[in-house]
Each structure stands twice: as C-alpha cells, then as structure tokens.
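In: Give me the fold of what follows.
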Amino acid sequence: MAKNDILLLDQIVSEVARDRSISLGDAFQDFAISEVLKDYDLAPDEIEMGIVDGRNDGGIDAWYTFLDGDLLCDPDDLTQKRGASVIDVWILTAKHHDAFKQEPVVHLYATILDLLDLAKDESHLIERYNDELLSCRDLFKKALIKTARGSPRVRFRLCYLSRGDRELLGETVTARSDALVREVYDLLSNCEVSFDFIGAAELLAANRKIKNFSSVIKFEEGPLSRGGAHYLGLSTLANYLSFISDANGGLRRYLFESNVRDFMGGTFVNRSIMSTLKHASSSEEEDFWWLNNGVTVIADKATLVGKELHLENVQIVNGLQTTETVFQHLVSRPNPKDDRCILVKVLVTPQKALADRIILATNNQNKVDFSSLRATDKVQRDIEDILATKNWFYDRRKNYYLNHGKPPSRIVSMTQMSWCVLSLLHGQPHQCNRSRPKYMQSESAYKKIFSEDFDLTMYLASVEFCKSIEAAMLSDGITDSPYEVRSYAAMFRFLYAHLYAAAVLKTDKRRPLQIIEIWKRSIDTALIQQIHSLVLKQRVMLRESGRSLRKMHRNEEFQSELTAVCLTTVFKTSSHGVATT
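Out: Numbers count the residues shown, from 1 in each chain. Down below sits the predicted model:
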C-alpha cells in the first residue's frame, strides 16, 4: 500500500462526516460499504436498509442479499422462481482501524456460523442478535426457499473493511478467515464462499472508479438516421455486450437508472429470450433480432464515425429484460462471440421532459406493473421542482442526482418521500423503514400519497419536518437499550414524527395544510423527550404483557397504543416551540 493511501482516505471520510454530520467511524462505514457495493448501483436509502450495526450485531455491520443482481428488501417481494437463480449474500464488518485485527474476524466467525445454520429456529437467536440482523437472515432464508426448485447458485461474500494494509495481514487473522470459509462451505451445497480484506488502497481504487455514461456502440452497417439526429441499426450480440460492460467485464447496471422496471428474473418472457439465445442458429438461419423487439437508448449527444456511434450520457430506457438476459447468456460461455444481431434504437435528446415521455411510451406497450411508470408523472416532476427551491434533490429516477455529484445528504428518493407522507399525512409510520413501500400497487394507493390535488408545499414540509425530527433525535442522543443512537434514529424517526404531530395537532390523520403549519414551527426538543419517555414506557408494558418486542417500529398495534396516549395527553412544551396544549 502506498504510504499516502490512508491520508487520502481519511480526507474523503472526513468530508463524508461533515456532509452528513456523523462521526468518523460512521462515515467510514457508510463510505466503505457504498464503495464495495458500487457495481450494484444502490441508492443511499438502499444502502441504509442493509445496515445492522448496533448492539447485539454479532460483529456484523451490514448484510445485503441480492437475487439475480437485484437487492432484496422485503420478503413480500419474493415469488416462487423456477429458473436457475443466483443469490449473492454480502456480510460486511467495517472498522475505522488502521490495521486488520483478529478480534473482528473472531466475532464474524462465531456469528456467521450461528446465523447461517438455517436449521436453528429464530427463537433461539433473539436474545443474542438484534432485530435487523435477524430480519436479514430471514430474508436470505426465504429467498433460498423460494428459489430452491431451480437449484440456486449461492455466493457468500464476507468482507472486513478497514483503513489497513492487507499486505500486512497476520497469519492468525488469515488462518481464522480461511477456517470460516471452510465452515461455511460445509453448511450449504452448491455455494461459493470468499473472505475479502479490503483496506485503504482497495477503497481508494473503488472510489476512483467513475461511472462512465459515455459509450460506443458498433453497428454492422451504418445505422439508419432521419435528419442525422436519431439512429436505428443492428449490432452483433458480441458488440452489444461490449457496449453494456465495464472494463472488468461486469454489467454497467447504472445505465438502466431511467428504466421503469427492474430485471424480472425467470419470467416466461425472459425464459423465452434465453431459449432463443441458447438455440445455436447462425445469423443467416435465424437471427436474434427477428424474434426480439430490441432495445431503446437515449443520449444527450451522438457522433457517428463510420459504423461506430459515440454516445454521451447514455441510458437504456427499454430493453432491460433483453439486455440482462443477453449479458447472462454471453458471459456464461467460454467464448462470448455471437454474430447474431440485436436491434438498437438511439434517440438523442438533452431535454428531461421529452426523455420522460420516451421512457413512458417505450415501456407502455405491454403489461407493466402499475408502480413502474410513475417516475414520469407530472406530480413527480412538480415535487422535484418544489424541493429544488430549498436545495433538495428529488431522485424520482434512482441515483440520477448521486451520479451527477449532488451530496447524498440532500437527496430525497421517492421511497423516502412516501415514508414521510405515510407517517405524517396518513399516520402510518409502521409501513415505513427497511422495505420498499407498497404505495404504487394500485392507482388509489398511489394517489393517497402522490396527488396533484395536494398543495405541493406539503411534500417539502413533510421531508424537512421528518429530517428535523431525526436531527433532533441524534443531537439529543435519543436511543433505547438494544440500539445505538444512529440506528435508533433511522428506525424510529417516522414513528416519532407521527407522534409529535399527533401530540401537537390532536389528530392521527392530518390534512396537507396542517403538515405545512407544523413544519413552519420550531421543533420542540422537550416534546421529543416526552414522546421518547412514552415510547420507553410503552415498551416496558409490552414486555410485561408477554408480547414480542421485535420490530416495534413496524408494529401497528404498538403504534396505535402510543398514538392514543399522545392524542389524550397534555404536554409541557418550551416557549420557543409549539404552543402548550
């Protein structure tokens, strides 16, 4: 490792800490995990969903389960899969140490073997591990069961992240990690296991790897063009693979950020695409583009040089299913050459509104899940505009602003917005946190949150109010015995925001103007402390009644009981905050 690597890494981590107003240790953890998982193109709130750091974490700081490259967040999202699947499990510990030490590996050894023994009932683990860690274990277990019929390939990536130099690893440390790898192999057949030590040099290298939205696609013949601005042509599958792959041969998933749907795995359509690809026909006998609708690409600028089209700010807006399936097929072959062709349509426009119309139109010919087309709605663009007036960046297209260099602390995702509105407007904080909301599965559910009839200021008010509540919880060090302060604030922020509004407004469901009204007042930290006391008291009552304490922040009954107390209690408040009731 170069002698200045730690110095440079510390500078980056210090900037993260200042930007997010968190400790250096927390900043290192956030930065290191996001860099290690960079190729998955996760949004900040998706990174947060995998954080399990806190008391009773067994030495694990984060756990992520991916199914065919897509992050799993909610067991309800899993469906029975018949085709072969790949399950990637990332278990990480991040320590702000300047060397790799034995103790974290020892903790991981005991915890991982305990949790990956799926024959152990969760009731035997509750006392030793926190809710979020057990939830991650449960999600992996359910993914394994749902895909069992297709004999899934499981890959475990165990990672120790630090500021150290992995060239200086001690023998006892590597011996323990090697022993853990062997033990995990014995727990599950058809799996791959690796233990990676990732230090300052590796984290800096990952940080320097920039997402490249420029690319070159080579056509078989000069593409058709009308007016020299938009293009239509055939590219061989091998050339298309080069177009969608990064320097290491991985799929550039960030090219799909404007696509309205995730890869849908082993569906009938995707199985049919794979079957066509595996059918070893020549391009003259049965070309691929005869049987496939092709892909649609948008770009800000295009320059044609011979048969090569040089594109800037590339996005594949239609054809994700085809692209993923082509990639999986070709990279699984020893020689990925294929002279069959795929039809590629390239539309050149720097206009965001026109790009939205293209995305909507090109994804609306066949049945698509209702939620998939919502990022292009007028109300979503209006929310983006109203938040921009206060220097917030509304990420209606995942990672759009992150990829354009905006600070993560000022980015608000559609998921975060829905959580804020669910908790404040509808009084349903139990539906928030650690899973993607079900807010867009039907038009009626969607319009409860996103409606052009609502005053747009309500969306700005909801975000800033919830973030102010979380900031107050952090500054006052509010927590509970099983949780660290940051973890507690992240999990319970929406419950506290709801209870605060209930205590002030004396109603559990509010109108948009009431949300705006409460947002304009100063946050009363004394009231937050009183609410916190109520939560702790209710938790004791919950334990004494023999009811489960697991996932309290998502427990509707727990929330209802607290809300009833807040609606009937007279709170003492400070003069600079809300009025005394």
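In: low-confidence ranges in the stretch 351-500 of the chain?
Out: In the predicted model of the stretch 351-500 of the chain, residues 351-373, 433-441 satisfy pLDDT under 70.
In: Going along the chain, name the helices of it.
Out: Per DSSP state H, counting those that start in this stretch, the stretch 351-500 of the chain has helices spanning 352-362, 378-388, 414-424, 443-449, 457-475, 485-505. These are given in chain order.
In: name the helices or strands packed onto the fifth one?
Out: Spelled out, that is helix 457-475. helix 378-388, helix 414-424, helix 485-505, helix 512-519, helix 525-544 (3 or more C-beta pairs under 8 Å, 6 or more residues apart in numbering; DSSP states H and E). Heads up, the C-betas are built off the backbone N, CA and C, glycines and all.
In: How far off centre is the first one?
Out: Taking the mean C-alpha point of helix 378-388 and that of its whole chain, the gap between them comes to 22 Å (C-alpha atoms, centre = their mean, to the nearest Å).
In: Could you do the last one as well?
Out: The offset between the C-alpha centroid of helix 525-544 and the centroid of the whole chain comes to 31 Å, using C-alpha atoms, centre = their mean.
In: can you check the longest one too?
Out: Averaging C-alpha positions (C-alpha atoms, centre = their mean) puts helix 485-505 22 Å from its chain's average.
In: So which elements touch that helix?
Out: Contacts defined by 3+ C-beta pairs under 8 Å, 6+ apart place helix 485-505 against helix 414-424, helix 457-475, helix 512-519, helix 525-544, helix 556-568.
In: Then the second one?
Out: In terms of contact count using 3+ C-beta pairs under 8 Å, 6+ apart, helix 414-424 is assigned the packing partners strand 393-395, helix 443-449, helix 457-475, helix 485-505.
In: For Ser418, give its distance to Val540.
Out: For Ser418, the distance to Val540 equals 32 Å [C-beta to C-beta, to the nearest Å].
In: Equivalent analysis for Val346, please.
Out: Val346 is 63 Å from Val540, by C-beta to C-beta.
In: For those two, indicate the residue with more neighbours.
Out: Between Val346 and Val540, Val346 has the larger neighbour count (other C-beta atoms under 10 Å), namely 23 against 10.
In: excluding its backbone neighbours, what's nearest the more buried one?
Out: Tyr231 (4.3 Å; C-beta to C-beta, 6 or more residues apart in numbering).
In: per-residue confidence for Asp339?
Out: According to the prediction, Asp339 has pLDDT 81.
In: So it, which state does it fall into?
Out: coil (DSSP: H, G, I helix; E, B strand; the rest coil).
In: That one contacts Thr236, doesn't it?
Out: Yes: judged on C-beta atoms under 8 Å, Asp339 makes contact with Thr236 at a distance of 5.6 Å.
In: follow-up on the earlier one: can I get the helices of the stretch 351-500 of the chain in JSON lines including distance to Ser332 and mean neighbour count?
Out: Rendered in JSON lines, the data for the helices of the stretch 351-500 of the chain read as follows (distance: least, C-beta to C-beta, whole Å; neighbours: other C-beta atoms under 10 Å):
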{"stretch": "helix 352-362", "distance to Ser332": "28", "mean neighbour count": "16"}
{"stretch": "helix 378-388", "distance to Ser332": "38", "mean neighbour count": "17"}
{"stretch": "helix 414-424", "distance to Ser332": "33", "mean neighbour count": "25"}
{"stretch": "helix 443-449", "distance to Ser332": "38", "mean neighbour count": "15"}
{"stretch": "helix 457-475", "distance to Ser332": "44", "mean neighbour count": "21"}
{"stretch": "helix 485-505", "distance to Ser332": "39", "mean neighbour count": "24"}
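In: closest one to Trp63 among those?
Out: Within these, the stretch nearest Trp63 is helix 485-505; the backing value is 13.6 Å (C-beta to C-beta).
In: Tell me what angle that closest one forms with helix 414-424.
Out: 40 degrees (axes from the mean of the first three to the mean of the last three C-alpha atoms, to 10 degrees).
In: now helix 485-505 against helix 512-519, angle please.
Out: Interaxial angle of helix 485-505 relative to helix 512-519 (the same axes, to 10 degrees): 120 degrees.
In: Now do Asp131 against Gln514, distance only.
Out: Look at Asp131 and Gln514: by C-beta to C-beta, they are 32 Å apart.
In: Just want to know which of the two has more residues nearby.
Out: Asp131 (23 against 18).
In: My understanding was that the more buried one contacts Lys551; is that so?
Out: Yes: using C-beta under 8 Å, Asp131 makes contact with Lys551 at a distance of 5.4 Å.
In: Poorly predicted segments of this structure, please.
Out: Scanning the chain with the threshold set as pLDDT under 70 gives 2, 76-84, 257-270, 280-284, 334-337, 351-373, 433-441, 547-550, 573-581.
In: From the centroid of it, which residue is nearest?
Out: Per C-alpha atoms, centre = their mean, the C-alpha nearest to the average position across the chain is that of Glu46, at 2.2 Å.
In: So the nearest residue to His553 once chain neighbours are set aside versus Ser34, what's the distance?
Out: Nearest residue to His553, sequence neighbours excluded (C-beta to C-beta, 6+ apart): Met491, at 4.7 Å. In this view, Met491 and Ser34 are 20 Å apart by C-beta to C-beta.
In: One more: Arg18?
Out: 17 Å.
In: cool, and Val295?
Out: Following C-beta to C-beta, the distance that separates Val295 from Ser34 is 29 Å.
In: So those two - more neighbours on which side?
Out: Neighbour totals were compared for Val295 and Ser34, and Val295 leads with 24 against 19 (other C-beta under 10 Å).
In: Can you read off the backbone torsions of the more buried one?
Out: phi -130, psi 160 (degrees, to the nearest 10).
In: beta partners for it?
Out: Beta-bridge pairing for Val295 (DSSP bridges): Val344.
In: quick one: contacts for the spatially closest residue to Lys390 that is not a sequence neighbour?
Out: Nearest residue to Lys390, sequence neighbours excluded (C-beta to C-beta, 6+ apart): Leu460, at 6.2 Å. For Leu460, the contact set (C-beta atoms under 8 Å, 6 or more residues apart in numbering) comprises 386-387, 389-390, 392, 519.
In: ok, Ala62 to Ile47 distance?
Out: According to C-beta to C-beta, Ala62 stands 8 Å off from Ile47.
In: next one: Phe140
Out: 18 Å.
In: Between those two, which is the more surrounded one?
Out: For Phe140 and Ile47, the more surrounded residue by other C-beta under 10 Å is Phe140, and the numbers stand at 23 against 18.
In: how far away is that one from Val154?
Out: 9 Å.
In: shared neighbours, the two?
Out: Common neighbours of Phe140 and Val154 (criterion: C-beta under 8 Å, 6+ apart): 87, 89.
In: what residues are up against the spatially closest residue to Asp26 that is not a sequence neighbour?
Out: Once flanking residues are discounted, Asp26 sits nearest to Arg486: 6.0 Å by C-beta to C-beta, 6+ apart. Listed by C-beta under 8 Å, 6+ apart, the contact set of Arg486 reads 22, 26, 474.
In: Leu562 and Arg539 touch, don't they?
Out: No: using C-beta under 8 Å, Leu562 is not in contact with Arg539, being 9.7 Å away.
In: Between these two, which is the more surrounded one?
Out: Neighbours per residue (other C-beta under 10 Å) separate Leu562 from Arg539, with Leu562 holding more: 24 against 17.
In: element containing Val154?
Out: Val154 belongs to strand 153-161 when assigned by DSSP states H and E.
In: Note down every partner strand of that strand and its orientation.
Out: Strand pairing for strand 153-161, determined by DSSP bridges: strand 86-94 (parallel), strand 191-198 (parallel).
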